[in-house]
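Chemist: quick one: sequence plus predicted model below, questions after.
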Amino acid sequence: MKIVATDVVLTSPGRNFVTLKITTADGLTGLGDATLNGRELAVASYLTEHVVPLLIGRDARNIEDTWQFLYRSAYWRRGPVTMSAIAAVDMALWDIKAKAADMPLYQLLGGASRTGLTAYGHASGRDTEELFDSIRHHLELGFRAIRVQTAVPGIGTLYGVPTQPAVPGGRADDYEPAQRGPLPAEEDWDTRAYLRHLPTIFEAVRAEFGPELPLLHDGHHRMTPIEAAKLGKSLEPYDLFWLEDCTPAENQEALRLVRRHTTTPLAIGEVFNTVWDYQSLISEQLIDYVRSSVTHAGGITALRKLLDFAAQYQIKSGIHGPTDISPVGMAAALHLDLAIHNFGIQEYMPHSALTSEVFRQSFTFEDGYLHPGEQPGLGVDLDEDAAAKFPYERAYLPYNRLNDGTVHDW
Ligand code: CS2
Ligand code: MG
């Protein structure tokens, strides 16, 4: 089953995606997601210039060997660009293997460990009324767990709270941070204002929606360890499902201090790309959920091993699933989620109608549960003619400045 062709497809149906398509001599094709939000062309070029020449003529069946070869032969290890490129190859090869076996991928990964995947949706609002409306909207869509982000008095523009809908005419809580344009947008940050305000919002949400609904929150890497500890402690009465990315991801040791002070469950890792980023977080049980995506953490092969390692420490999955993970990366996550034992929850931000025209998906969302579907392989087909209608457009993620003008973690 030799690899005879590869294509790196760049398309922008509302937002940018990078997709690798691998074709074998038998005519099978596999898809892999290589989208790195705001840095798409770096991965596309890594694939085209450095990886594609290594793939032609290789046996598509040897997934583990290909992973090890790409990881070790580069000499320069890790990093989001390298690991997204390896992930795309890995996903495409699993897609091919499962199609050859005529099975949905989760069957090859060991079969289903559950009937559906609990998903959380993103609610947000510029005030309490808008936030409540957004929570109700997500409950109507079937979500059984809700991430709550909110505007904060004193902070102008803030992650997770749109000033306008991502799609013209869309809902105000439809949030897409990356913006097309020549320069990144500037947003604001004030930790003290945020720490004062957030507990009042969770108090109001609990009072309105009761004690049962699992609630999540994303701190987006903006606090120092002691600030994060204070926040975790102040949110304890509201029984969060998790507090995500409370401190910058680079320093694993920061989580020790946070952990010592709060029983609020902690999730981290959407910007991590290998198991090494989690080494002490997992072995010292400093976190409760692994947030990596299949796309940014080296693919199914690597994330499966990482989650097996986490399972030994009762740490569960919470795979990253914003709209900058393409439907291909999302499908890979769902197959993995269904097969592993230590599934926790899946983030789900539905893609736009335009994106779904380009990527035809077999996964379903019913009654709050995601399922990857029964189509052989990953279950995603790329309509290349539709993709060609939406050329890449440069886009940047925003960044933060404090009131005095200092650049801050976004
Ligand atoms: C995020 C993302 O989904 C999340 O939890 O933190 O919105 C993140 O900001 C984007 O993936 C960045 O590309
Ligand atoms: Mg996040």
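Modeler: Thanks, I have it. Note that this is a predicted model, so its numbers are computed, not measured. Ligands and ions are numbered 1, 2, ... in the order given.
Chemist: for residue 18, give me its contacts.
Modeler: Under the criterion of CB atoms under 8 Å, 6 or more residues apart in numbering, the contact list for residue 18 reads 8-10, 33-36, 40, 43-44, 47, 88, 326. In this view, the C-beta of every residue, glycine as well, is placed from N, C-alpha and C.
Chemist: from residue 381, how far off is the most centrally placed residue in the chain?
Modeler: By CA atoms, centre = their mean, the chain has its centre lying nearest to residue 320, at 2.3 Å. Distance of residue 320 to residue 381, computed by CB to CB, to the nearest Å: 23 Å.
Chemist: next: residue 13.
Modeler: Counting by CB to CB, the gap from residue 13 to residue 381 is 14 Å.
Chemist: comparing the two, which residue is more hemmed in?
Modeler: Taking other CB atoms under 10 Å, residue 13 and residue 381 do not tie; residue 13 has more neighbours (20 against 17).
Chemist: excluding chain neighbours, what is closest to the more buried one?
Modeler: residue 354 (4.0 Å; CB to CB, 6 or more residues apart in numbering).
Chemist: in this protein, which residue sits closest to ligand 2?
Modeler: Per CB to the ion, residue 218 is where the chain lies closest to ligand 2, at 4.3 Å.
Chemist: all helices of the protein, in order?
Modeler: 40-45, 52-55, 63-73, 80-100, 105-108, 128-141, 191-209, 225-235, 254-261, 279-283, 299-311, 327-339, 353-358, 384-388 (DSSP state H).
Chemist: for the nearest residue to residue 235 once chain neighbours are set aside, give me phi and psi.
Modeler: Closest residue in space to residue 235, ignoring its immediate chain neighbours: residue 264 at 5.3 Å, by CB to CB, 6+ apart. The phi/psi pair for residue 264 (degrees, to the nearest 10) reads phi -60, psi 130.
Chemist: so what's residue 264 up against?
Modeler: By CB under 8 Å, 6+ apart, the neighbours of residue 264 are 232-233, 235-236, 240, 242-243.
Chemist: let's have those residues in JSON lines, adding distance to ligand 2 and pLDDT.
Modeler: Formatted as JSON lines, these follow (distance: CB to the ion, whole Å; pLDDT from 0 to 100):
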{"residue": "232", "distance to ligand 2": "16", "pLDDT": "98"}
{"residue": "233", "distance to ligand 2": "21", "pLDDT": "98"}
{"residue": "235", "distance to ligand 2": "16", "pLDDT": "98"}
{"residue": "236", "distance to ligand 2": "21", "pLDDT": "98"}
{"residue": "240", "distance to ligand 2": "14", "pLDDT": "98"}
{"residue": "242", "distance to ligand 2": "10", "pLDDT": "98"}
{"residue": "243", "distance to ligand 2": "11", "pLDDT": "98"}
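Chemist: just flag the most distant two among these.
Modeler: 233 and 242 (15.0 Å; CB to CB).
Chemist: between the two, which one's more packed in?
Modeler: A direct count of neighbours by other CB under 10 Å for residue 233 and residue 242 places residue 242 higher, at 27 against 15.
Chemist: contacts for the least confident helix or strand in the chain by mean pLDDT?
Modeler: One helix or strand of the chain scores below all others by mean pLDDT, DSSP states H and E: strand 179-180, with a mean of 82. With CB under 8 Å, 6+ apart as the test, strand 179-180 has contacts from 185, 393-396, 398.
Chemist: pull out the buried members of the residues you listed.
Modeler: 395-396, 398 (16 or more other CB atoms under 10 Å).
Chemist: could these be laid out in TSV, adding distance to ligand 1 and pLDDT?
Modeler: Listed next are the buried ones among the contacts of strand 179-180 as TSV, based on distance: CB to the nearest ligand atom, whole Å; pLDDT from 0 to 100:
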residue	distance to ligand 1	pLDDT
395	10	94
396	10	95
398	9	94
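Chemist: the helices of the chain: which one's closest to residue 19?
Modeler: Checking those against residue 19 by CB to CB gives helix 327-339 as the closest, at 6.0 Å.
Chemist: how about the closest one: buried residues?
Modeler: 327-339.
Chemist: for ligand 1, tell me whether it is touching it.
Modeler: No - remark: helix 327-339 sits outside contact range of ligand 1, by CB under 6 Å from any ligand atom, the gap being at least 11.1 Å.
Chemist: chain center to that helix, what's the gap?
Modeler: How far helix 327-339 lies from its chain's middle: 11 Å, per CA atoms, centre = their mean, to the nearest Å.
Chemist: please apply the same query to stretch 398-408.
Modeler: On CA atoms, centre = their mean, the centre of stretch 398-408 falls 25 Å from the chain's centre.
Chemist: ditto for stretch 33-47
Modeler: Its chain's C-alpha centre and that of stretch 33-47 lie 15 Å apart, by CA atoms, centre = their mean.
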